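Engineer: Got a predicted structure plus its sequence, pasted below:
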Amino acid sequence: MTGFAKRWQAMSSLLSKFVVVVLLVAYAPAANAESLAQALQRTLTINPVINAEREKLQAVDEGLGIAGAGYRPTISLNGDITRQNSYTDFKTSGETDDTFTSRGYSVTLSQPLYRGGRTVAAVSEAQANSLAAREALRNVEQNVLLEVATTYVAVVRDTAIKDLRKNNLRLLDEQLRATRGRQEAGVVTSTDVALALSRKSAAVSELTLAGANLRTARAEYMRLTGRAAAKSFYPAVRGKRIVRNVATAITIGKNESPAILAAFYAKDAARFAIDQVRGERLPQLSLEAGFDSRWDASKSVEQQRTANIKLRGTMPFYQGGAVVAKIRRARATYRQRTLEVSAAQANTHSQIVSNWGGMVASKARINSARTQIAAAQKALLGITNEEKVGQRTVLDVLDAEQELLEAKVALQQARGDYISAYFRLLSAMGRLHASNGAY
């Protein structure tokens with residue numbers, strides 16, 4: 001093979017490898033960041049707790065069809081074929097032995113006309129239960145979405161804190177190497193080296209803890225969303241989505257909180273249940289019709305047809321005390337539902353006030369941390385320069401670096417607390433939706 005051919009073969013090989021690399025880069029799946037809105041939307045689709053509540057709602061909705069059946073007639077069709085043998089021994093005329101087969105069918109219809117108001121009450125109760133189940137589903141969705149939102153924020157926060165701890169460990173490594181070099185040059189003593197080594201050991205422990213916290217948050221995120229946490233970022237919280245004062249938030253919560261609305265509808269259902277049980281003590285009226293046709297009913301009858309229509313009325317007088325006990329039970333349930341409404345209102349009020357206060361406090365912490373970071377950065381720069389000329393010690397530098405680090409960590413924690421309190425406030429008000437993560 002000539003030299004030119006060898007060079008051409010080598011160039012062809014390099015070109016082929018280059019094309020393969022380009023194609024791999026072009027078609028490799030990108031590690032795209034996932035917004036909170038995307039995470040919430042996916043959770044609404046796949047979360048088993050939400051899906052189970054949806055199935056429960058569907059079961060409750062069927063109660064409306066069951067209750068409405070009290071307005072409609074019932075129709076039944078019966079048919080039979082009978083083989084009959086009749087043997088008779090008469091004292092004077094001897095005995096007879098007859099065997100014949102008869103067959104026939106019958107149709108019956110019953111139309112309720114009045115059931116003591118039980119049907120009306122049952123339909124109203126079913127409607128109230130359906131509305132309560134819808135609000136219960138919305139409440140479950142709010143709770144699950146809140147868990148996802150706070151866990152999402154926790155992943156972002158713990159990732160940022162871990163990065164800060166990791167960067168701090170890198171800086172302390174450099175600080176330790178520099179201090180050892182200056183010790184060899186006789187500028188500092190072994191005490192300074194020990195201080196740097198001590199700070200590095202503490203930084204390793206803090207980084208380990210930060211990593212454990214991040215793994216816990218990621219595991220919780222996987223449990224809730226069914227997907228590993230991708231690269232994420234803090235969702236923006238804009239003022240236009242936050243009510244102006246806590247009084248307005250409380251008013252919105254009273255009118256829109258799914259926990260309160262579910263309790264209200266459950267209370268209405270309990271009230272209708274009382275009316276339904278009371279109807280068992282009232283008279284009932286129904287219209288009944290029937291048609292019967294038989295062939296070979298006896299040896300002498302070839303076919304027989306019967307049609308009838310009747311108006312039936314019943315009046316219960318004594319049921320062994322069962323209905324009275326049912327009424328007492330229904331009234332006790334109604335009182336329970338009334339108290340649950342008050343409890344839901346008090347709980348919502350407490351959550352709104354608490355989370356509003358948490359937002360205010362976290363906002364102040366964010367501003368304080370930012371001011372502290374700016375001051376700590378300026379102080380660290382000055383102390384580092386002073387340490388180089390012998391006016392400061394290594395301990396002063398380490399303390400300044402630690403103060404700056406803790407200020408940055410405090411900022412991340414305050415940001416996470418502020419956004420989490422915001423989502424908890426939305427949930428308490430009944431306004432946490434999948435779109436709340438896309439501002």
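Structural biologist: Good, I have the coordinates. All of these numbers come straight from a predicted model, not from anything done at the bench.
Engineer: Report the separation between the two terminal residues of stretch 253-264.
Structural biologist: When the termini of stretch 253-264 are compared using C-alpha to C-alpha, to the nearest Å, they are 14 Å apart.
Engineer: I'd like to know the average pLDDT value across it.
Structural biologist: Confidence over stretch 253-264 (mean pLDDT, whole number) is 95.
Engineer: Report the contact partners of the most centrally placed residue in the chain.
Structural biologist: Taking C-alpha atoms, centre = their mean as the criterion, Val144 is the residue nearest the geometric centre of the chain, at 2.8 Å. Counting by C-beta atoms under 8 Å, 6 or more residues apart in numbering, Val144 touches 43, 47, 49-50, 224. C-beta coordinates here come from the backbone N, C-alpha and C atoms, glycine included.
Engineer: with these in mind, which one is nearest to Leu172?
Structural biologist: Proximity of the contacts of Val144 to Leu172 (C-beta to C-beta) peaks at Leu224, which lies at 35.8 Å.
Engineer: quick one: which helix or strand includes the closest one?
Structural biologist: Element membership for Leu224 (DSSP states H and E) is helix 190-225.
Engineer: Helices of the chain, start to end?
Structural biologist: For the chain, the helices defined by DSSP state H occupy 3-27, 36-46, 48-68, 118-184, 190-225, 246-256, 258-278, 322-388, 394-429.
Engineer: and the last one, which residues are buried?
Structural biologist: This means helix 394-429. Of all the residues in helix 394-429, those buried under the rule 16 or more other C-beta atoms under 10 Å are 394, 396-429.
Engineer: Okay, now the unreliable bits of the stretch 1-150 of the chain?
Structural biologist: The stretch 1-150 of the chain contains residues with pLDDT under 70 at 1-33, 94.
Engineer: shouldn't Leu405 be in contact with Arg170?
Structural biologist: No. Between Leu405 and Arg170 there is no contact, the gap being 11.9 Å when judged by C-beta atoms under 8 Å.
Engineer: Pipe the helices of the chain into TSV and attach distance to Ala307 per row.
Structural biologist: What follows is the helices of the chain, written out as TSV (distance: least, C-beta to C-beta, whole Å):
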stretch	distance to Ala307
helix 3-27	80
helix 36-46	58
helix 48-68	29
helix 118-184	28
helix 190-225	66
helix 246-256	59
helix 258-278	35
helix 322-388	36
helix 394-429	64
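Engineer: how far out from the middle of the chain is the helix holding Leu224?
Structural biologist: Relative to the mean C-alpha coordinate of its chain, helix 190-225 is positioned 32 Å out (C-alpha atoms, centre = their mean, to the nearest Å).
Engineer: residues near Thr88, how many?
Structural biologist: Neighbourhood size, Thr88 [other C-beta atoms under 10 Å]: 10.
Engineer: any idea how far Phe423 is from the closest residue in space to it that isn't next to it in sequence?
Structural biologist: Using C-beta to C-beta, 6 or more residues apart in numbering and skipping the chain neighbours, the partner closest in space to Thr88 is Thr96 (4.8 Å). Distance, Thr96 to Phe423, by C-beta to C-beta, to the nearest Å: 91 Å.
Engineer: On the pLDDT front, check the closest residue to Leu146 other than its chain neighbours for me.
Structural biologist: What sits nearest to Leu146 in space, not counting adjacent residues and going by C-beta to C-beta, 6+ apart, is Ser427, at 4.4 Å. Looking at Ser427, its pLDDT reads 92.
Engineer: Let me see the contact set for Arg54.
Structural biologist: Residues near Arg54 by C-beta under 8 Å, 6+ apart: Leu137.
Engineer: elements contacting the helix holding Leu224?
Structural biologist: Secondary-structure packing of helix 190-225 (3 or more C-beta pairs under 8 Å, 6 or more residues apart in numbering; DSSP states H and E): helix 36-46, helix 118-184, helix 394-429.
Engineer: Hmm, Glu141 and the residue nearest to Leu146 touching each other?
Structural biologist: No. Using C-beta under 8 Å, Ser427 makes no contact with Glu141, being 9.8 Å away.
Engineer: quick one on the thing from earlier: buried residues, the helix holding Leu224. List them.
Structural biologist: Buried residues in helix 190-225, counted by 16+ other C-beta under 10 Å: 192-193, 195-197, 199-200, 203, 206-207, 210, 213-214, 217-218, 220-221, 224-225.
Engineer: Might one say that Asn168 is in contact with Leu405?
Structural biologist: Yes. With contact defined as C-beta under 8 Å, Asn168 reaches Leu405; the gap is 5.0 Å.
Engineer: buried residues in the longest strand seen in the chain?
Structural biologist: The longest strand of the chain (DSSP state E) is strand 94-114. For strand 94-114, the neighbour count (16+ other C-beta under 10 Å) marks 102, 104, 112 as buried.
Engineer: Looking at those residues, which one is closest to Ala132?
Structural biologist: Minimum distance to Ala132 across these is 26.9 Å, recorded for Pro112 (C-beta to C-beta).
Engineer: Okay, the closest one and Ile274: tell me how far apart.
Structural biologist: With C-beta to C-beta as the criterion, Pro112 and Ile274 are 21 Å apart.
Engineer: returning to that earlier point: mind putting the helices and strands packed on helix 190-225 into TSV with distance to Ile309?
Structural biologist: Formatted as TSV, the helices and strands packed on helix 190-225 follow (distance: least, C-beta to C-beta, whole Å):
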stretch	distance to Ile309
helix 36-46	55
helix 118-184	22
helix 394-429	60
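Engineer: Quick one: closest of the ones you listed to Asn245.
Structural biologist: helix 394-429 (12.3 Å).
Engineer: Give me the angle between the closest one and helix 246-256.
Structural biologist: Helix 394-429 runs at 40 degrees relative to helix 246-256, counting by axes from the mean of the first three to the mean of the last three C-alpha atoms, to 10 degrees.
Engineer: who does helix 394-429 touch, helix- and strand-wise?
Structural biologist: helix 118-184, helix 190-225, helix 246-256, helix 322-388.
Engineer: Stretch 424-438: how far from the chain's middle?
Structural biologist: Taking C-alpha atoms, centre = their mean, the mean C-alpha location of stretch 424-438 is offset from the chain mean by 12 Å.
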